[in-house]
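Engineer: sequence first, then the predicted structure, then my questions.
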Amino acid sequence: MGDYPNTGLNTATPKKKRGLSFWLAVVFGVFLLMSLCLNLVLFFSLVLSGDFLSTGSPTHKSYNEQFVYGNKDSRDKILKISISGILLNEESSDGLFGAQREPVVDSVLNRLQTAAEDDKIKALILEINSPGGGITESDKIHQGIL
């Protein structure tokens with residue numbers, strides 16, 4: 001059992017208590033592991049969402065058609081474009097983990113160009129929620145509407 005026979009000496013070493021630094025290292029390691037797992041989940045959710053590394057230039061119709069009122073069989077359409085944000089031609093992101101988005105002005109001009117190619121659109125409604133922006137950018141949108 002740890003005793004020397006016939007000597008009466010006990011050679012078993014007493015168990016050391018683990019100190020505060022050991023438990024701090026364990027807690028730090030657990031937080032580090034949790035952080036790694038969360039980062040992996042966020043990374044793969046961005047990759048799988050399709051927004052990761054997107055440049056934002058639409059090559060197809062960039063608006064969704066929705067029937068609101070009137071005759072469903074009518075061929076004439078009214079287009080509503082929502083504009084939100086500062087009217088600058090700078091890329092923006094969707095927050096800390098967000099992907100880069102197309103500049104607001106470029107996005108509006110692309111939607112206006114796509115709408116101009118649709119002969120069934122007879123009217124345009126702009127819903128603007130913006131504190132303002134650059135004069136040049138506002139003029140580009142104005143010229144795109146004309």
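Structural biologist: Nice, thanks for sending it over.
Engineer: what about the helices in this protein?
Structural biologist: For the chain, the helices defined by DSSP state H cover 20-49, 104-116, 135-145.
Engineer: reformat these as CSV; add mean pLDDT, mean neighbour count and distance to residue 82.
Structural biologist: All C-beta spots, glycine's among them, are computed from the backbone N, C-alpha and C. Converted to CSV, the helices of the chain look like this (pLDDT from 0 to 100; neighbours: other Cβ atoms under 10 Å; distance: least, Cβ to Cβ, whole Å):
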stretch, mean pLDDT, mean neighbour count, distance to residue 82
helix 20-49, 88, 10, 21
helix 104-116, 83, 18, 10
helix 135-145, 84, 14, 13
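Engineer: who's in contact with residue 109?
Structural biologist: Counting by Cβ atoms under 8 Å, 6 or more residues apart in numbering, residue 109 touches 140-141, 144.
Engineer: show me the contacts for residue 86.
Structural biologist: 104, 130-133.
Engineer: what do you get if the cut-off is 10 Å, keeping everything else the same?
Structural biologist: Applying Cβ atoms under 10 Å, 6 or more residues apart in numbering, we find residue 86 in contact with 92, 103-105, 130-134, 137.
Engineer: mind putting the residues you listed into CSV with distance to residue 41?
Structural biologist: Converted to CSV, those look like this (distance: Cβ to Cβ, whole Å):
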residue, distance to residue 41
92, 24
103, 30
104, 30
105, 34
130, 34
131, 35
132, 38
133, 36
134, 38
137, 37
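Engineer: which of those residues lies closest to residue 119?
Structural biologist: Distances from residue 119 to these, taken as Cβ to Cβ, are shortest for residue 105 (25.1 Å).
Engineer: one step back: any chance of the helices of the chain in TSV, plus distance to residue 81?
Structural biologist: Formatted as TSV, those follow (distance: least, Cβ to Cβ, whole Å):
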stretch	distance to residue 81
helix 20-49	24
helix 104-116	6
helix 135-145	9
